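# only the shape, not the letters, is given here:
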């Protein structure tokens, strides 16, 4: 009994200490006056690495998810003769839920894991220490641009995912299954509210961006610099960020759409 | 706070442990300005850890480390970065930034810490690269360099800001005889030409002894021998003699502690 309590206590303390360290880590990386002349090129490079290079997977996934939803929605709605409502079904589920969540999960797998592995390898090859020895703070030079790039890129990728998804839905419903395009778009526009749906979805994606990037960069910074350690940290990044995204999504949905 | 004492680094009563393992237990050390000091000792005695302590990457449990008159372990983060600009460190792996060319690697500290124009940076980078013989390799990426070239390119980056002291972490490990000869000559040459203080951590005894002005031998958390290389070679201490002459058995036993061999063989413990 005492042993179990002790194990529980130790786990709790460990968790608190990691959380505390990661909090200080983000604060130390981002607080202070940014040096625009030196920082901007670094930020742009990272935006390219985590944002632009994630575009193919985001666009392809968005397209197929929109198409599948449209197909599934049509097959159910057509029985009730209300297949014009497929537009609003696609747009609401994408904008409110699937867009932010699926983009964040894909982002964790594509960009988060590569952030962790890259920082981990820099640590293993002493590049981080060598920055310190050259009098350059690695938190400001390596971590801050990556954190900011993730914070900026994920919400934008989510918007692109939504747009492409809706377009994929229209492709299947209107161009293939023959839903009248006037009612497809008009129903969608009437049902989708900017503040209630688009804005809330974007807020979700911003929250996911903070969590996923934080986990990815911190795991890279905190790992044991061996090949085994890098592998473990990369796995942790994907697992923790996926769980965090799904958990956080439920809480945010309850707060945003829970008052009936 | 510039002081002109003879010792640029003074370590007093240094204690450091990692977990339950005591790495340093009361180490005192003086490193003279303008000289090459070598720190030697068997693997696992914490030579690299000592270097990390001196450069403030980790903090000691007790004791003081004065670098150019400043106590490294009590400095704030900003002061530490300021003091580190007087130091250069050559890592065992070179630690070049893998996404930049040799030229950009050497230019990096200059771009970060000075407001020099591009043409001044170019001149300085080429001078440093010329000093290590890699002016022709400026456009190569670190992945295209051989082990010896990587270390020389890293050395050029280390001296880019003209530090007062340079720390070499196992500079000869894994080098072929030519590469080793080049590095030995470079360390000696740079020390004289730039008026540096050099600290070399190594266990290549003869090579290091040939260029060092003084030697420290560490073992089991303590300094077991210090002095000029010649003195140590003929040391009376059996421990120092074993290390300096590379004898397989002595105070540092060849066998890891175990029960009696015969008992072990005959005593069963059938597997």
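Great, that's in hand. None of the values given here were measured: they were computed from a predicted structure.
# how about the helices in the stretch 1-150 of chain A?
Ranges of helices in the stretch 1-150 of chain A, per DSSP state H, counting those that start in this stretch, are A:2-30, A:36-46, A:55-77, A:86-93, A:99-107, A:113-124, A:127-133, A:138, A:144-170.
# check which element follows the host helix or strand of residue B:232 along the chain.
Taking DSSP states H and E as the definition, residue B:232 sits inside helix B:229-233. Once helix B:229-233 ends, the next helix or strand along the chain (criterion: DSSP H and E) is helix B:238-245.
# got the buried residues for stretch A:161-170?
With burial defined by 16 or more other CB atoms under 10 Å in any protein chain shown, the residues of stretch A:161-170 counted as buried are A:161, A:162, A:163, A:164, A:165, A:166, A:168, A:169, A:170. Yep, even glycine has a C-beta here, placed from its N, CA and C like the rest.
# sorry, wrong one. I was asking about stretch A:191-204.
Here stretch A:191-204 shows A:192, A:197, A:198, A:200, A:201, A:202, A:204 as buried, counting by 16+ other CB under 10 Å.
# which residues sit in contact with the last one?
Taking CB atoms under 8 Å, 6 or more residues apart in numbering or on different chains as the definition of contact, the neighbours of residue A:204 are A:100, A:101, A:249, A:252, A:256.
# 7 Å instead, please
Residue A:204 sits next to A:100, A:249, A:252 when contact means CB atoms under 7 Å, 6 or more residues apart in numbering or on different chains.
# report how many residues lie close to the first one.
For residue A:100, the count of nearby residues is 31 (other CB atoms under 10 Å in any protein chain shown).
# next one: the one 5 residues further on
Using other CB under 10 Å, residue A:105 has 19 other residues around it.
# that one contacts residue A:242, correct?
Yes - the criterion here is CB atoms under 7 Å, and residue A:105 meets it with residue A:242 at 5.6 Å.
# for the stretch 51-200 of chain A, what lies in contact range of chain B?
A:125, A:126, A:127, A:129, A:130, A:132, A:133, A:134, A:135, A:136, A:137 (CB under 7 Å from any CB of the partner chain).
# any chance of those in JSON lines, with pLDDT and neighbour count too?
As requested, those are exported to JSON lines (pLDDT from 0 to 100; neighbours: other CB atoms under 10 Å in any protein chain shown):
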{"residue": "A:125", "pLDDT": "86", "neighbour count": "19"}
{"residue": "A:126", "pLDDT": "85", "neighbour count": "21"}
{"residue": "A:127", "pLDDT": "89", "neighbour count": "21"}
{"residue": "A:129", "pLDDT": "87", "neighbour count": "19"}
{"residue": "A:130", "pLDDT": "87", "neighbour count": "25"}
{"residue": "A:132", "pLDDT": "85", "neighbour count": "20"}
{"residue": "A:133", "pLDDT": "85", "neighbour count": "26"}
{"residue": "A:134", "pLDDT": "85", "neighbour count": "25"}
{"residue": "A:135", "pLDDT": "82", "neighbour count": "19"}
{"residue": "A:136", "pLDDT": "84", "neighbour count": "19"}
{"residue": "A:137", "pLDDT": "85", "neighbour count": "17"}
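# top helix in chain B by residue count?
helix B:177-193 (DSSP state H).
# which parts of chain B are helices?
Using DSSP H, helices in chain B cover B:47-54, B:77-84, B:102-113, B:118-131, B:147-158, B:177-193, B:205-211, B:229-233, B:238-245, B:261-266.
# chain center to the longest one: distance?
Mean-position distance between helix B:177-193 and its chain equals 14 Å (CA atoms, centre = their mean, to the nearest Å).
# check which residues of that helix are buried.
Buried, per 16+ other CB under 10 Å, within helix B:177-193: B:179, B:180, B:182, B:183, B:184, B:186, B:187, B:190, B:191.
# kindly report the same for the shortest one.
By neighbour count on 16+ other CB under 10 Å, the buried set for helix B:229-233 is B:229, B:232, B:233.
# out of those, who's nearest chain A?
residue B:229 (27.6 Å; CB to the nearest CB).
# which residues does residue B:52 contact?
Contacts of residue B:52 by CB under 7 Å, 6+ apart are residue B:58.
# now swap in the one 10 residues further on and tell me
By CB under 7 Å, 6+ apart, the contact list for residue B:62 reads B:13, B:15.
# quick check: pLDDT value at it.
pLDDT for residue B:62: 87.
# what's the answer for the one 3 residues further on, then?
The model reports residue B:65 with a pLDDT of 89.
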